[in-house]
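Novice: Need a 3D model of the following:
(2 chains)
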Amino acid sequence: MIVLEWLFLTIAPCDAAEPWQLGSQDAATPIMQGITDLHHDVFFFVILILVFVSWILGRALWHFHYKKNPIPQRIVHGTTIEILRTIFPSIIPMFIAIPSFALLYSMDEVVVDPAITIKAIGHQWYRTYEYSDYNSSDEQSLTFDSYTIPEDDLELGQSRLLEVDNRVVLPAKSHIRFIVTSADVPHSWAVPSLGVKCDAVPGRLNQTSISVQREGVYYGQCSEICGTNHAFMPIVVEAVPRKDYGSRVSNQLIPQTGEA
Amino acid sequence: MAEFGLDLLVFVIQKASVLEIESFTSASIILIKADFRFPTTNQTRHCFTRYVEFHRCVAAKGDEAADCERFSKYYRALCPGEWVDKWNEQRENGTFPGPL
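Specialist: Reported below is the predicted structural model:
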């Protein structure tokens, strides 16, 4: 087991963080895929610069060592090298900026016709989700709270501090609009695999759109310090096939709405 | 999209039968389109505007006007229930801060 961990061959617990994880979690939305790709693109330049600067530094230390080169040279100016070391460092950020801005603005894109709208409301210290597309009056028919499962109640296979009692069920491969807000202090609704991190600010509604490309269970945590139990209000998103969505939601929610 | 709409319809019917809500009709599945007056991440004003629009519609066309149904879908999809409750209360007390 330990050897497997060394080789980074651990079994990923669905789409949640794993011990000693280095890279991003597997992408489930085009946005997350874009973020991962941008990371790799930028890393190309980072490695290039790292190697080049180390090489220059190494050469300088080696050739201008005081024993090897006791009399310092008095060069204070060199036009060619100054032009080069100005031009190249200004071109490189441009190559990084182009894909970066493209991604940034694509994340900001408004989905024209979201299939459903889900409201994620942060509380100290739990989350409330409202599915209001089906309401026919101001009374909320599909609203539920999502609390973390205490450590003592965990079942085998569930992740500590990540599992919740009521998951957000949504259809895969459809455009979903999330309205993120808070009822008390700032929280943040973040799911790494979906490439979403949206601040929940009281008195403000933030919109973010996602389109989950594969069915699965995605885990996230509160990403804005919100008080004592900041660590105990995780997010679990369950993407189900479109055809199962209706029954899944009604199965999960109707007993609760019946009680209320 | 059509297939999904059908699924939603099935779901809505299932739900309606369980909850025995008479007003659950196929009209409940009007898809909410994005509004290009509000193209940004911040949708606070969007929710408020839709709420005001609905109540202006009701004021103009009467309580049960079918035309207003659409506006109610919009604001219900956007506004948190808590906000709607607060605004409803304010309207009753005559302290609602919007142009009704």
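
Novice: Find me the pLDDT at A:T80, would you?
Specialist: At A:T80, the model reports a pLDDT of 94.

Novice: so A:L194 sits right up against A:T29, yeah?
Specialist: Yes - if you go by Cβ atoms under 8 Å, A:L194 and A:T29 touch, sitting 4.9 Å apart. Bear in mind the C-beta positions are built from the backbone N, C-alpha and C, glycine included.

Novice: residue in chain A nearest to chain B?
Specialist: Residue nearest to chain B within chain A (Cβ to the nearest Cβ): A:G246, separated by 2.5 Å.

Novice: Check which helix or strand A:G157 maps to.
Specialist: A:G157 belongs to no helix or strand when assigned by DSSP states H and E.

Novice: From B:E92, how far off is it?
Specialist: Here A:G157 is placed at a distance of 50 Å from B:E92 (Cβ to Cβ, to the nearest Å).

Novice: cool, A:N229 as well?
Specialist: A:N229 is 36 Å from B:E92, by Cβ to Cβ.

Novice: between those two, which one's more packed in?
Specialist: A:N229 (12 against 9; other Cβ atoms under 10 Å in any protein chain shown).

Novice: Apart from its neighbours in sequence, what residue is nearest that one?
Specialist: With Cβ to Cβ, 6 or more residues apart in numbering or on different chains as the criterion, A:N229 has its nearest non-adjacent residue at 3.5 Å, and that residue is A:W125.

Novice: Show me chain B divided up by domain.
Specialist: B:1-31, B:37-100 (automatic domain parsing).

Novice: Comparing those domains by mean pLDDT, which bottoms out?
Specialist: domain B:1-31 - the lowest mean pLDDT of those, at a mean of 43.

Novice: So what's the residue count around the closest residue to A:P192 other than its chain neighbours?
Specialist: In this structure, A:P192 finds its nearest non-sequential neighbour in A:Q25, 4.8 Å apart by Cβ to Cβ, 6+ apart. If you count neighbours by other Cβ under 10 Å, A:Q25 ends up with 22.

Novice: How about the secondary structure of A:Q25?
Specialist: coil (DSSP: H, G, I helix; E, B strand; the rest coil).

Novice: ok, now which ones touch it?
Specialist: A:12, A:15-17, A:32, A:192-193 (Cβ atoms under 8 Å, 6 or more residues apart in numbering or on different chains).

Novice: at 6 Å what do you get?
Specialist: A:15, A:192-193 (Cβ atoms under 6 Å, 6 or more residues apart in numbering or on different chains).

Novice: could those go into CSV alongside secondary structure?
Specialist: Output for these, formatted as CSV (three-state DSSP):
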residue, secondary structure
A:D15, strand
A:P192, helix
A:S193, helix
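
Novice: which one of those residues is nearest A:L162?
Specialist: Nearest to A:L162 out of the contacts of A:Q25 is A:D15 (Cβ to Cβ; 10.4 Å).

Novice: pLDDT score for the closest one?
Specialist: For A:D15, pLDDT reads 80.

Novice: Is there a neighbour count for it? I'd like the number.
Specialist: Neighbour tally, A:D15, other Cβ under 10 Å: 23.

Novice: Would you agree A:E238 is in contact with A:L170?
Specialist: No - applying Cβ atoms under 6 Å as the test, A:E238 and A:L170 come out as separate, 7.4 Å apart.

Novice: between the two, which one's more packed in?
Specialist: Ranked by neighbour count (other Cβ under 10 Å), A:E238 and A:L170 place A:L170 first, with 24 against 17.

Novice: Contact residues of chain A facing chain B?
Specialist: Residues of chain A found near chain B (Cβ under 6 Å from any Cβ of the partner chain) are A:110, A:112-113, A:115, A:117, A:119, A:121, A:130, A:132-136, A:138, A:140, A:181, A:204-207, A:242-243, A:246, A:250, A:254.

Novice: Now the buried members of those.
Specialist: A:110, A:115, A:117, A:119, A:121, A:130, A:132-136, A:140, A:181, A:204-207, A:242, A:246, A:250, A:254 (16 or more other Cβ atoms under 10 Å in any protein chain shown).

Novice: what's the helix or strand for A:D145?
Specialist: Judged by DSSP H and E, A:D145 forms part of strand A:143-146.

Novice: Could you measure from B:F96 over to chain A?
Specialist: 14 Å (Cβ to the nearest Cβ, to the nearest Å).

Novice: Counting neighbours, what do you get for that residue?
Specialist: Look at B:F96: counted by other Cβ under 10 Å, it has 17 neighbours.

Novice: Let's verify it: helix, strand, or coil?
Specialist: coil.

Novice: Can you tell me the closest non-neighbouring residue to it?
Specialist: B:Q90 (4.2 Å).

Novice: Tally up the residues packed near the one you found, please.
Specialist: B:Q90 has 13 nearby residues by other Cβ under 10 Å.

Novice: The residue of chain A closest to chain B in helix, strand or coil?
Specialist: From three-state DSSP, the assignment for A:G246 is helix.

Novice: Could I get the phi/psi values of B:T95?
Specialist: phi -110, psi 20 (degrees, to the nearest 10).

Novice: where along chain B do the helices fall?
Specialist: For chain B, the helices defined by DSSP state H occupy B:2-19, B:44-61, B:67-78, B:81-93.

Novice: which one of these is the most hemmed in?
Specialist: Highest mean neighbour count among the helices of chain B (mean count of other Cβ atoms under 10 Å in any protein chain shown): helix B:67-78, with a mean of 21.

Novice: which helices and strands does that one pack with?
Specialist: helix B:44-61 (3 or more Cβ pairs under 6 Å, 6 or more residues apart in numbering or on different chains; DSSP states H and E).

Novice: Mind giving me the packing neighbours of the helix it packs on?
Specialist: By 3+ Cβ pairs under 6 Å, 6+ apart, helix B:44-61 packs against helix B:67-78.
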